[in-house]
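Student: Fold the following and give me the result.
(one chain, ligands or ions: 1)
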Amino acid sequence: MKAVIPAAGLGTRFLPATKAVPKELLPVLNKPVIQYVVEEALEPAGVDGAVIVNSREKPQIEHYFSADPDFEAYLRDHGKDAEADAVHAAGALPVSFAYQDDPKGLGHAVLCAAGETAGEPFFVLLGDYFVPGRRMCVHMAEVSRAHGGASVIAVAPVPADQVSRYGIIAGTRAGSLAGAEAAGDEEPGAVWKVTGLVEKPAPEDAPSHLFIVGRYLLSPRIMDLLATQGPGKGGEIQLTDAMVRLLAEEEMYAVVVDPDEGCDTGTPAAWAATNARMAMRDPAFRQAFVEGLGTQKL
Ligand code: G1P
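Tutor: Residues are numbered from 1 along each chain as shown. Sure thing, here's the model as predicted:
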């Protein structure tokens, strides 16, 4: 089973940095953002590879995930074993590539990985967000198993004035994640049966306040539907629109998650905050980070 990670965007929010460095390779501490996403993607049992949907303009991402035995040997010769291990680990991750030559939307990006998913269910992880604890997709897989292999999405509550930024679900409460009995319908662990989905609705048209967080476990049927999906919101081929059609044929569930379980890297400010958060929780960085802040004349 594969996990698809769309990564063909231009990274315009990060210009001018992304003029030369793909946004996926910007580091959080000493590791590129996309490596956190790949490692998270590989966590659920049964996922044996990540498929990065790249554009041909960003060969640096492939370079990063390639083995470099000469560089590793050089580092070992110079007594830098920990660094050599880190270089080795990046090159040894089971990552393959598909290409999206035209930026036609998220649904189109996912469709570009169809040849890699082998007609099996697959995860989709949006790369602007990663979950350091790596449990979100594991929980989604549990919900899917409990419902006969159905598609599952992660959702979270969002204030009414922000619904138009996201995909929003309609549904009914269907239980809780095993071992995480949720009292409230919008509390982490609550499981919903999805009855509808709308991409970026106006507040008055939103069927709930639960938005799609960017983690999907999808039936392979979605690939057939994406192949015939016309453009939707913003003139783009929307994954949400194909999921609406999937709902007419198959069951779909949503599990409420705490969005703060993950870290946002979608804008320079969010990326900087994520760096701060990760530095504060990592004993290897925390003290130097706090000292560094203390000496800044802010
Ligand atoms: C995409 C999806 C949307 C989802 C969002 C999460 O939108 O289309 O349904 O809620 O990701 O980040 P985008 O942010 O690419 O516009």
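Student: which phi and psi does the one residue in the stretch 101-250 of the chain that gets nearest to the ligand have?
Tutor: In the stretch 101-250 of the chain, the residue that lies nearest the ligand is Gly167 (2.4 Å; C-beta to the nearest ligand atom). Backbone N, C-alpha and C define where each C-beta goes, glycine included. Dihedral angles of Gly167 (phi, psi; degrees, to the nearest 10) stand at phi -80, psi 130.
Student: any idea how far it lies from Leu210?
Tutor: 10 Å (C-beta to C-beta, to the nearest Å).
Student: hmm, back to that, tell me who's in contact with the residue of the stretch 101-250 of the chain closest to the ligand.
Tutor: Residues in contact with Gly167 (C-beta atoms under 8 Å, 6 or more residues apart in numbering) are Leu197, Val198, Glu199, Lys200, Phe211, Ile212, Gln238, Leu239, Thr240.
Student: How many neighbouring residues does the third one have?
Tutor: Residues near Glu199, counting by other C-beta atoms under 10 Å, number 22.
Student: which residue sits closest to it, ignoring its sequence neighbours?
Tutor: Excluding its sequence neighbours, the residue lying closest to Glu199 (C-beta to C-beta, 6 or more residues apart in numbering) is Thr240, at 4.0 Å.
Student: so the one you found sits right up against Leu197, yeah?
Tutor: Yes: using C-beta atoms under 8 Å, Thr240 is in contact with Leu197, at 5.2 Å.
Student: ok, which of the contacts of Gly167 also contact the ligand?
Tutor: Glu199, Phe211, Ile212, Gln238, Leu239, Thr240 (C-beta under 6 Å from any ligand atom).
Student: what does the helix or strand encompassing Asp241 rub up against?
Tutor: Assessed by DSSP states H and E, Asp241 sits inside helix 239-247. Helix 239-247 is contacted from outside by 105-107, 110, 124, 151, 153, 167, 194-199, 212, 216, 218-219, 221-222, 225-226, 229-230, 232-233, 252, using C-beta under 8 Å, 6+ apart.
Student: Could you pick out which of the residues you listed are located in helices?
Tutor: Leu106, Gly107, Val110, Arg221, Ile222, Leu225, Leu226 (DSSP state H).
Student: out of those, what pair is the most spread apart?
Tutor: Farthest-apart pair in the ones in helices among the contacts of helix 239-247 is Leu106 and Arg221; separation 17.4 Å (C-beta to C-beta).
Student: and these two? which has more neighbours close in?
Tutor: With neighbours defined as other C-beta under 10 Å, Leu106 and Arg221 compare such that Leu106 has more, 24 against 16.
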